[in-house]
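1. pasting the structure only:
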């Protein structure tokens with residue numbers, strides 16, 4: 001069998017032996033590829049003569065065709081070329097084409113094969129100048145396979161982006177755009193990848209370059225879907241690093257999302273199902289502290305927003321459990337008012353929330369009028385119903401084990417009332433907090449089963465992937481030694497593994513230290529061990545990263561570590577004497593580098609572990625007295 005790679009410069013190879021040199025002669029290889037792509041791999045002699053030898057007399061053309069067939073028979077085998085006086089046929093096992101393999105890989109969603117098979121232009125640089133019918137066919141095939149290749153790369157990139165492999169998705173999008181600089185699908189992929197990487201400026205720049213290229217060379221505008229996508233990107237919040245860090249190499253870098261491809265796809269599966277079928281779904285994400293539940297929610301939310309969905313979410317803290325309706329009202333503060341459809345909610349529903357939240361009272365004053373408020377649970381269901389008439393909605397609650405009982409009951413009512421609406425409710429909670437999900441699942445009884453996602457610690461292979469991505473300069477032996485140390489010192493917790501790797505990038509030395517035994521103890525939880533039993537390497541990593549922050553960010557972070565589980569950044573900034581501009585710059589820096597997480601009711605540390613280390617190790621006694629209010 002001959003194998004032909006046609007996406008790019010033509011390459012021919014044989015399963016056994018060498019390919020006859022004559023097979024590379026233009027008309028011989030043109031005949032081989034043309035027959036292989038013909039219906040049933042069959043053509044008439046008359047058609048082939050007119051295709052490749054249009055200017056020759058009939059007898060001379062038939063003689064040339066026979067000579068070309070003789071070369072092909074010698075290459076593929078006599079029994080694999082069937083011919084008679086009228087037509088010629090290649091058997092199915094005579095030639096294997098890369099374009100056929102590409103179609104099969106797409107059908108199987110074998111993305112690694114897809115990305116390998118897609119090349120450049122079909123039969124790049126190839127031509128038969130004295131055979132204009134073949135040249136016309138070749139031009140048409142190039143258009144067809146350019147389009148198919150772009151679609152293949154976009155499909156492959158979309159799968160990579162959905163699994164959190166943003167860098168790979170971006171590279172595939174750029175390859176698609178190189179094949180067709182005027183493709184909206186390719187441009188959308190490049191824009192999505194940049195947005196998911198957190199680089200809104202790059203996403204907008206990619207759009208402007210694409211739009212300019214269309215206008216200048218084709219006199220056209222981007223497709224409506226491309227324009228809607230970039231509008232969504234413009235509405236996304238962006239972070240601006242302080243000027244002092246803008247010139248520092250790597251200051252704006254964030255490590256790519258790793259090790260959670262399956263879990264992310266499961267969450268997005270619920271989103272896709274709810275959006276397509278118009279049915280409510282419940283997603284439960286469970287795992288111990290530090291395994292990446294929050295980051296998983298963030299990644300899912302980013303993709304939902306780019307898909308045109310509305311995202312409304314909060315992070316609960318322990319104090320919320322004792323405050324009735326704190327969860328529900330937090331979600332109202334968490335972006336629900338910004339969903340356009342909410343304006344069409346019943347005035348009684350708007351009045352109920354406006355009676356609890358001053359910002360709602362001010363925003364919807366003209367709509368509420370003198371309407372009589374309805375009960376809060378009913379109001380929330382009516383508001384989300386109105387929101388889903390405009391666009392699909394993702395509601396999420398991080399640390400849902402701290403939800404108050406009243407809010408849990410109201411969310412169960414929400415799922416019951418909106419079971420036929422495009423709604424996904426995602427809950428992230430600690431291991432063993434199944435009662436929250438079970439209670440809410442009663443609202444969907446008889447409709448759909450909740451999707452349960454277990455998030456566990458990283459294994460050695462994922463830690464190795466992290467080190468390879470973050471520290472590519474390490475040789476295999478050095479990397480293996482470092483991975484072993486990180487696996488032990490981080491206990492496989494992604495939060496700590498990332499802390500260690502980030503600190504190593506900033507100069508932390510782990511070499512030479514004794515590797516301690518595994519922790520936490522098998523009969524104790526991570527929470528039980530905090531903060532005293534953390535490995536010294538983890539504490540050192542936090543200290544190194546802390547010292548790399550700007551002075552204002554360090555002050556804000558240190559004071560915040562004393563301010564409780566959730567804090568008001570304005571109050572903390574005032575305590576350390578920061579202006580509003582200094583506060584905002586520090587918050588941007590701390591959010592981008594994943595020290596802090598914002599939610600509608602304030603800020604919190606991404607990990608309690610980090611907060612404890614900052615509080616215990618990085619404050620002077622004087623700072624502790626001043627910022628904690630001690631005399």
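-> Nice, I can see it. Owing to the predicted nature of the structure, the values given are computational and were not obtained by experimental measurement.

2. now do the helices in the stretch 201-350 of the chain.
-> 224-235, 243-246, 261-277, 293-306, 326-333, 347-354 (DSSP state H, counting those that start in this stretch).

3. of those, which is nearest residue 88?
-> helix 224-235 (45.2 Å; CB to CB). No exception for glycine: its C-beta is placed from N, CA and C like everyone else's.

4. tabulate the helices of the stretch 201-350 of the chain (TSV), appending mean pLDDT.
-> Listed next are the helices of the stretch 201-350 of the chain as TSV, based on pLDDT from 0 to 100:
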stretch	mean pLDDT
helix 224-235	92
helix 243-246	56
helix 261-277	89
helix 293-306	92
helix 326-333	92
helix 347-354	94
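
5. out of these, nearest to residue 204?
-> Of all the helices of the stretch 201-350 of the chain, helix 224-235 sits nearest to residue 204, with 6.5 Å by CB to CB.

6. who does the longest helix along the chain touch, helix- and strand-wise?
-> Looking across the chain with DSSP state H, the single longest helix is helix 132-162. Contacts defined by 3 or more CB pairs under 8 Å, 6 or more residues apart in numbering; DSSP states H and E place helix 132-162 against helix 26-36, helix 45-52, helix 98-108, helix 111-117, helix 166-179, helix 184-196, helix 261-277.

7. out of the ones you listed, which comes closest to residue 350?
-> Per CB to CB, nearest to residue 350 of the helices and strands packed on helix 132-162: helix 261-277, 24.9 Å.

8. quick one, the longest helix of the chain and helix 45-52 angle?
-> Counting by axes from the mean of the first three to the mean of the last three CA atoms, to 10 degrees, helix 132-162 lies at 80 degrees to helix 45-52.

9. quick check: mean pLDDT of helix 132-162?
-> Averaging pLDDT along helix 132-162 gives 95.

10. residues of that helix that come out buried?
-> 134, 138, 141, 145-146, 148-162 (16 or more other CB atoms under 10 Å).

11. now the angle from that helix to helix 184-196?
-> Going by the same axes, to 10 degrees, helix 132-162 makes 20 degrees with helix 184-196.

12. how far does helix 132-162 sit from its chain's centre?
-> Here helix 132-162 is found 24 Å from its chain centre; the criterion is CA atoms, centre = their mean, to the nearest Å.

13. picking up where we left off before, now the helices and strands packed on helix 132-162 in TSV, with distance to residue 472?
-> Below are those laid out as TSV (distance: least, CB to CB, whole Å):
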stretch	distance to residue 472
helix 26-36	40
helix 45-52	50
helix 98-108	28
helix 111-117	20
helix 166-179	12
helix 184-196	20
helix 261-277	21
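
14. residue 617: which of these is closest?
-> The nearest among those, by CB to CB, is helix 261-277 at 32.3 Å.

15. for the helices of the stretch 201-350 of the chain, which one sits closest to residue 459?
-> That would be helix 261-277 among the helices of the stretch 201-350 of the chain, by CB to CB, at 13.0 Å.

16. which residues does that closest one contact?
-> Outside of helix 261-277, the residues that reach it under the criterion CB atoms under 8 Å, 6 or more residues apart in numbering are 162-165, 257, 279-283, 285, 296, 299-300, 303-304, 307, 309, 392, 394, 422-424, 426, 451, 453-455.

17. what's residue 571 in contact with, if anything?
-> Going by CB under 8 Å, 6+ apart, residue 571 touches residue 563.

18. that one belongs to a strand?
-> No - looking at residue 571 with DSSP: H, G, I helix; E, B strand; the rest coil, it is helix, so not inside a strand.

19. before we move on, the earlier item: by how many degrees do the longest helix of the chain and helix 261-277 diverge?
-> 110 degrees.

20. quick one on the thing from earlier: take the helices of the stretch 201-350 of the chain and lay them out in CSV including mean neighbour count.
-> Below are the helices of the stretch 201-350 of the chain laid out as CSV (neighbours: other CB atoms under 10 Å):
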stretch, mean neighbour count
helix 224-235, 15
helix 243-246, 13
helix 261-277, 18
helix 293-306, 22
helix 326-333, 23
helix 347-354, 23
